[in-house]
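[1] What would the 3D arrangement of this be:
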Amino acid sequence: MKHNTPPNDLDRAARAALQQRRYPDEVLARLDALAEPELLALPWAALLQGRRLCRLHSRFAEATALIDRALANFRAAGNGEGELWALAEWLVMRYHNGDYAAGLEELFDALAQPMRPYLRAELLFGQFLCAIGLGQVRDAVAAGEAALDALQDESDAWLQRIGRIQMQRNIAAGYHYLGESRRSVAAAEQAAALAHSHADTADMQPWCFYELGLARWRYGQLAAATETLDHARRLAEQWQHRELWRWAVAAQGHVLRDQDRLEAALAAYQLANCWGEDPEGPAFIQLRQGRLAEARWSCEMLQRVSPAASSQG
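    Numbers count the residues shown, from 1 in each chain. Model (predicted):
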């Protein structure tokens, strides 16, 4: 007799995989076989699938729907443990959806609760992202460094390692915004080297090399940035990271622009269909082309945009 609802052992397996930050092929295959209503009814399974879509493929809209539902289901069931793990993923999605203030509002009561060091670091990572989105750079860096401190107390070597990779590659952006460009490059290099040194962290390499490429570009290491971003772009293709691929292509445009290869830069921006992490891009291109009035108008448009919109890193 065929059951319409998958057995609870799948939700238990998803919980174990999520809390160990693993993606077992057998569990993923079972998740992919579920109809949407079945998946949404299993909060740990929905949460694992949401994290997978976000972290492995940058499919943010689909991930948001799954993670939002998982968090709501845990809260409705009074499952405090599940709520904390879901909140860690939910905060990341608030960043990707530009809902930074809402993320921070949910965070502080959660941080007051006892939890394992790795999970605390995950919540602090969410705080870092939302603070970066709001332009609160010093607060963001403080949260990132607190996350790294929390990881010192994590007894699980695997969780400690992947937590450090995640935080080092992201805090690189915070150091850049504080004007500490050399420190930014060093943090991104540490994350990329750590991810590259182990086969079991290959899934983290696309993000790491993207952030390293950005750090090198911002520091003026254009030749190194070109090589690194090309590697990040190929990794994004390999892992089917839709949005990350676009950001990497746009970042290649930034490097080409700063090399005064303006036509090639514009072609990269057109291919990416975005300006990536540099909303000032149009103004810089127009200045180099001597289109001063248009550059002024572009700057005026930027001034009308909220600070959060120009600080996603």
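
[2] same for the longest helix anywhere in the chain, what does it pack against?
    Longest helix of the chain, by residue count under DSSP state H: helix 157-177. With contacts taken as 3 or more CB pairs under 8 Å, 6 or more residues apart in numbering; DSSP states H and E, helix 157-177 sits against helix 117-133, helix 137-151, helix 181-196, helix 205-218. In short, each C-beta sits where N, CA and C put it, glycine included.

[3] need those in a markdown table with mean neighbour count, mean pLDDT and distance to residue 74, can you?
    Formatted as a markdown table, those follow (neighbours: other CB atoms under 10 Å; pLDDT from 0 to 100; distance: least, CB to CB, whole Å):
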| stretch | mean neighbour count | mean pLDDT | distance to residue 74 |
| --- | --- | --- | --- |
| helix 117-133 | 25 | 97 | 14 |
| helix 137-151 | 20 | 98 | 22 |
| helix 181-196 | 20 | 97 | 30 |
| helix 205-218 | 26 | 97 | 26 |
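
[4] could I get the ones you listed as TSV with distance to residue 249?
    Shown next, in TSV, are the helices and strands packed on helix 157-177 (distance: least, CB to CB, whole Å):
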stretch	distance to residue 249
helix 117-133	22
helix 137-151	26
helix 181-196	19
helix 205-218	11
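
[5] of all the ones you listed, which lies closest to residue 68?
    helix 117-133 (14.3 Å; CB to CB).

[6] Residue 148 contacts residue 167, correct?
    Yes: here residue 148 reaches residue 167: they are 5.4 Å apart, a contact under CB atoms under 8 Å.

[7] so what sits against both of these two?
    Common contact partners of residue 148 and residue 167 (CB atoms under 8 Å, 6 or more residues apart in numbering): residue 121.

[8] Give the residue spans of the stretch 151-300 of the chain that score low on pLDDT.
    Within the stretch 151-300 of the chain, the set of residues satisfying pLDDT under 70 comprises 295, 298.

[9] Contact partners for residue 256?
    Going by CB under 8 Å, 6+ apart, the list of residues near residue 256 reads 262, 264, 265, 268.

[10] May I ask you to confirm that the last one is in contact with residue 259?
    No: proximity of residue 268 to residue 259 does not meet the contact threshold set by CB under 8 Å, at 11.6 Å.

[11] Tell me which of those two has more neighbours.
    Taking neighbours as other CB atoms under 10 Å, residue 268 and residue 259 compare with residue 268 leading, 21 against 14.

[12] where's the more buried one, which helix or strand?
    Assessed by DSSP states H and E, residue 268 sits inside helix 262-272.

[13] Who are the packing partners of that helix?
    helix 242-258, helix 281-288.

[14] Now do that helix against helix 281-288, angle only.
    160 degrees (axes from the mean of the first three to the mean of the last three CA atoms, to 10 degrees).

[15] Of the contacts of residue 256, just say which sits nearest to residue 77.
    residue 268 (47.4 Å).

[16] residues contacting residue 106?
    87, 90, 91.

[17] quick one: what helix or strand has the closest residue to the first one other than its chain neighbours in it?
    To tie it back to what came earlier, the one meant is residue 87. The shortest distance from residue 87 to any non-neighbouring residue, by CB to CB, 6 or more residues apart in numbering, is to residue 110 (5.6 Å). Here residue 110 sits within helix 100-111, counting by DSSP H and E.

[18] My guess is residue 124 contacts residue 149. True?
    No: Residue 124 lies out of contact with residue 149 (CB under 8 Å); the separation is 9.0 Å.
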